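Asks: Build the 3D model from these lines:
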Amino acid sequence: AGLRAGTGRTRPAPDDIDTVNLFAALPDVPPSLPGGRRRAGANRVRLAQALSSVARDAVALFTEVGFDDVAADGQPTRLSRCSAEDCGLVFYDSSRGGTRRWCSMQRCGNRAKVRAHRARRATA
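Replies: All right, here's what the predicted structure looks like:
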């Protein structure tokens, strides 16, 4: 949650960065090929392993796009927070104009459009 600050104009707190780095340093969920007779450690995923996988993804994302609203190369970052009031997800805006508003059109975007449609019908 602390890294969500990276989607605005503020940098995440050093404690939040340390927490992500700590989990990223732990062993993550081991990959496995299907079809074998033995599953060496893959049958029991621990919480720390799952958090490690998420933390490694966060490190890769924030390393690529930066924390601030302007990346190291001077270009605006495409990291955004979903505009839906009941959602706090952070996403990478890959749209051409950089104007994406919702984490998912099928989820939050659709709900927002349905609410707007119902509000227009109620006033009509």
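Asks: which residues of this protein fall in helices?
Replies: 14-24, 47-65, 110-123 (DSSP state H).
Asks: so how far is the last one off the chain centroid?
Replies: Read that as helix 110-123. On the basis of C-alpha atoms, centre = their mean, to the nearest Å, helix 110-123 sits 27 Å off its chain's mean C-alpha point.
Asks: one step back: CSV please, covering the helices of the chain and showing mean neighbour count, mean pLDDT and distance to V90.
Replies: Every C-beta, even on glycine, is put in place using the N, C-alpha and C of the backbone. Formatted as CSV, the helices of the chain follow (neighbours: other C-beta atoms under 10 Å; pLDDT from 0 to 100; distance: least, C-beta to C-beta, whole Å):
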stretch, mean neighbour count, mean pLDDT, distance to V90
helix 14-24, 15, 90, 13
helix 47-65, 15, 84, 9
helix 110-123, 11, 91, 17
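Asks: ok, now how distant is the residue nearest the centre of the chain from A122?
Replies: Nearest to the mean C-alpha position of the chain, by C-alpha atoms, centre = their mean, lies V90 at 4.3 Å. Look at V90 and A122: by C-beta to C-beta, to the nearest Å, they are 32 Å apart.
Asks: repeat for G97
Replies: 31 Å.
Asks: Same question for R46.
Replies: Counting by C-beta to C-beta, the gap from R46 to A122 is 50 Å.
Asks: Please apply the same query to L47.
Replies: Going from L47 to A122 by C-beta to C-beta gives 45 Å.
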